[in-house]
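**Q** Build me a model:
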Amino acid sequence: MFSIELDIHTHTIASGHASTATITDMVKAASAAHLKLLGISDHGPATLGGGKPSYFRSLPMAARKRLGINMLYGIEANITDYNGTLDLEDSLLAGLDYVIASIHKPVLKPGTETENTKAYLRAMENPFVSILGHCDDVKYPVDYLAIIKSAMEHQVILEINNSSLSPDGYRGDTKFNDLMILNLCKHFHYPVLLSSDSHGPEHVGDFRYALELVEQAEFPKELVLNYSTNELMSWLEKRKVAI
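**A** Okay, the predicted model is just below:
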């Protein structure tokens, strides 16, 4: 009954990080993983080697279907300060299908729990932010109850990042933090999104560690948006209507 249909946190050569993958390479990997929907969310310009504003300006004109795979085009925008400022102006964010807001250490140094939480809360107030990226990083302690309450208020989706949970992940042992997110979302009956965070085609559609944790938390499958393209699109549209 339940099968993974989508992965929308993925990165191409436009993100830097030594990836050489084109969008076509990513689509081929999505097809091999039997996905119905692929989202390209390259890093914003504050990331070394990340996409330039001109790149994100042109993305809305890209093909909506490639090799039979439906396409979305977004950004993983950097939160650049504790006031939740993003590294791409709103006029460009408005043209994208979705915006993932994330903290990355080279852009914003870890602060106190209060400062880190404030950065996420303020970012979610931006009407174009639809997803909060990997807020499980152990270097950035946060108040998860405050974050989830704000996510519900602003209809922002929280992700469970497979790359964070990978044994070679660089965000520390995030399992406890991700279980906090899952248990609070289960309590409030609020959905989550599983993300591969694949830099290149190798891990597109790969959620093995995230799925293990979802099972451990006994999280309802109907609240995992990856099982339904229609459900995900409904959430993204709901966010756009609210703007």
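**Q** what separates K186 from T80, distance-wise?
**A** In this view, K186 and T80 are 32 Å apart by CB to CB, to the nearest Å. The way it works is simple: take the backbone N, C-alpha and C, and place the C-beta from them, glycine included.
**Q** Next, S164: phi, psi?
**A** phi -60, psi -40 (degrees, to the nearest 10).
**Q** Now do it: how many residues are near it, please.
**A** Counted with other CB atoms under 10 Å, the neighbours of S164 add up to 26.
**Q** Quick one: residues contacting it.
**A** Applying CB atoms under 8 Å, 6 or more residues apart in numbering, we find S164 in contact with 134, 136-137, 171, 174, 178, 197.
**Q** For N116, what is the enclosing helix or strand?
**A** Assigned by DSSP states H and E, N116 belongs to helix 113-125.
**Q** And the next helix or strand after that helix, what does it pack against?
**A** Toward the C-terminus, helix 113-125 is succeeded by strand 131-132 as the next helix or strand (DSSP H and E). In terms of contact count using 3 or more CB pairs under 8 Å, 6 or more residues apart in numbering; DSSP states H and E, strand 131-132 is assigned the packing partners strand 98-102, helix 113-125, strand 157-161.
**Q** where do the helices sit along the protein?
**A** Secondary structure of the chain by DSSP state H: the helices cover 23-32, 53-58, 90-93, 113-125, 144-154, 162-165, 175-187, 208-216, 229-242.
**Q** Need those in JSON lines (columns: distance to E5 and mean pLDDT).
**A** Output for these, formatted as JSON lines (distance: least, CB to CB, whole Å; pLDDT from 0 to 100):
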{"stretch": "helix 23-32", "distance to E5": "10", "mean pLDDT": "97"}
{"stretch": "helix 53-58", "distance to E5": "25", "mean pLDDT": "97"}
{"stretch": "helix 90-93", "distance to E5": "25", "mean pLDDT": "97"}
{"stretch": "helix 113-125", "distance to E5": "25", "mean pLDDT": "98"}
{"stretch": "helix 144-154", "distance to E5": "22", "mean pLDDT": "98"}
{"stretch": "helix 162-165", "distance to E5": "16", "mean pLDDT": "95"}
{"stretch": "helix 175-187", "distance to E5": "20", "mean pLDDT": "97"}
{"stretch": "helix 208-216", "distance to E5": "14", "mean pLDDT": "97"}
{"stretch": "helix 229-242", "distance to E5": "5", "mean pLDDT": "84"}
